[in-house]
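K.L.:
With the sequence up front, the predicted model follows.
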Amino acid sequence: MRPFHYHDGQREVQGEANSLKAADKLSTWVGPVADYANEADLIVIAAADCDALHVAALSGPAPLATAVANEGEIIVSLPGDLATLLPIERPWGGIVINPATARRSRVAGQPSPNGPRVDIPCTVAFTNCRKYMTPTASTGSSPLLGAMARVELALDDAWVVETIARGETAFLCTATPDAVADVSHRGGQPGFLRYDLAGARLEWTEYLGDGMFVSTGNLRESPRFALVVLDYASGDALRLDGEARYTNVRRDRHERVDALIQANEPFPVQGAMEARIHTATRLVRFCHPRQRVERRARITCADTTAVQHPQ
């Protein structure tokens, strides 16, 4: 894999957070991306064009993808039906995730049809840390491609308000200046997403991450985003589209070199996200319903860096 290339927006946010050295170290970090893709029970993929961010999901028992790593190249193979939901001519970017095992990786590349499959030769592939994921598992017995339907909702719809209030798992979809989509996990305890109904504004706290600032850097270049909030019980998801602004709050006293930091608090604040919501959509059967895995604990910054590290 080639080193990850940061664009100006990402470098700007890294500079504000004093994490340039940490980001430079992570630019060559890949990790067990293929293994995590093969173990994922949820895959969220997006593609960007001039009009919209297109988002689709695969869920169910692993393996949902077939991923191979050979001589520095990673190819993720997905069901060809995804091309009915995402434009095949645009790069696809997404996240392969198994919240029960706290394993997740980001992938992106130009999709290539290959019989009944679509291959993504990855130009972007890296493994994220294990923090902030609510341990859940898919209840599905077979693969599900979602969403099955889309229903436009009023911004003051009761289900919109309730889903935001109880949301614990969300996916932030953004795009680079050259229109490569990115999907990143956002998670926390219920209430970490805060909705101002009167002003159609959404806020959430950005917790201390790895110092790369991929998504927040994308928003510096283009504020367009989609946030997909899971409803575990139904498998539906709330999609919120709008424009977002990120403000860094934390700046380390000494330049940050290490990607992982153990803190005295589980959810240390890195920054604040403020968004204006334009549209709300119910994604019907976006994924299989998910159940909590009670024997698993949520990993946070209060855990040791060895626990936070991908494993």
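P.N.:
Here it is on my side, so go on.

K.L.:
just how off-centre is stretch 157-164 within its chain?
P.N.:
Put simply, stretch 157-164 sits 21 Å off its chain's centre (CA atoms, centre = their mean, to the nearest Å).

K.L.:
ok, now stretch 261-280?
P.N.:
Mean-position distance between stretch 261-280 and its chain equals 14 Å (CA atoms, centre = their mean).

K.L.:
buried sites along it?
P.N.:
Across stretch 261-280, burial judged by 16 or more other CB atoms under 10 Å covers Ile261, Pro266, Phe267, Pro268, Gln270, Gly271, Met273, Ala275, Ile277, Ala280. Every residue, glycine included, has its C-beta placed from N, CA and C.

K.L.:
so for it, what's the average pLDDT?
P.N.:
On average, the pLDDT along stretch 261-280 is 97.

K.L.:
Centroid-nearest residue for this protein?
P.N.:
By CA atoms, centre = their mean, the chain has its centre lying nearest to Ser184, at 1.8 Å.

K.L.:
Could the C-alpha coordinates of the strand or helix carrying that one be exported in PDB?
P.N.:
For Ser184, the element it lies in under DSSP states H and E is strand 181-187. In PDB, the C-alpha atoms belonging to strand 181-187 read as follows (Å, rounded to 0.1, in the frame of the first residue of the first chain):
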ATOM      1  CA  ALA A 181     -16.000   8.800  -0.200                       C
ATOM      2  CA  ASP A 182     -15.100   8.000   3.400                       C
ATOM      3  CA  VAL A 183     -17.200   6.300   6.100                       C
ATOM      4  CA  SER A 184     -16.100   6.500   9.800                       C
ATOM      5  CA  HIS A 185     -17.700   5.200  13.000                       C
ATOM      6  CA  ARG A 186     -19.100   7.600  15.600                       C
ATOM      7  CA  GLY A 187     -20.200   6.100  18.900                       C
END
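
K.L.:
Show me the contact partners of it.
P.N.:
With contact meaning CB atoms under 8 Å, 6 or more residues apart in numbering, strand 181-187 is reached by 44-48, 53, 55, 90-95, 97, 104, 106, 108, 124, 128, 132-134, 168-176, 204, 214-215, 218, 227.

K.L.:
What pairs with it, parallel or antiparallel?
P.N.:
Sheet pairing of strand 181-187 (DSSP bridges) gives strand 169-175 (antiparallel).

K.L.:
got a list of what Met212 touches?
P.N.:
Going by CB under 8 Å, 6+ apart, the list of residues near Met212 reads Phe4, Tyr6, Gln10, Gln14, Ser19, Ala22, Ala23, Leu26.
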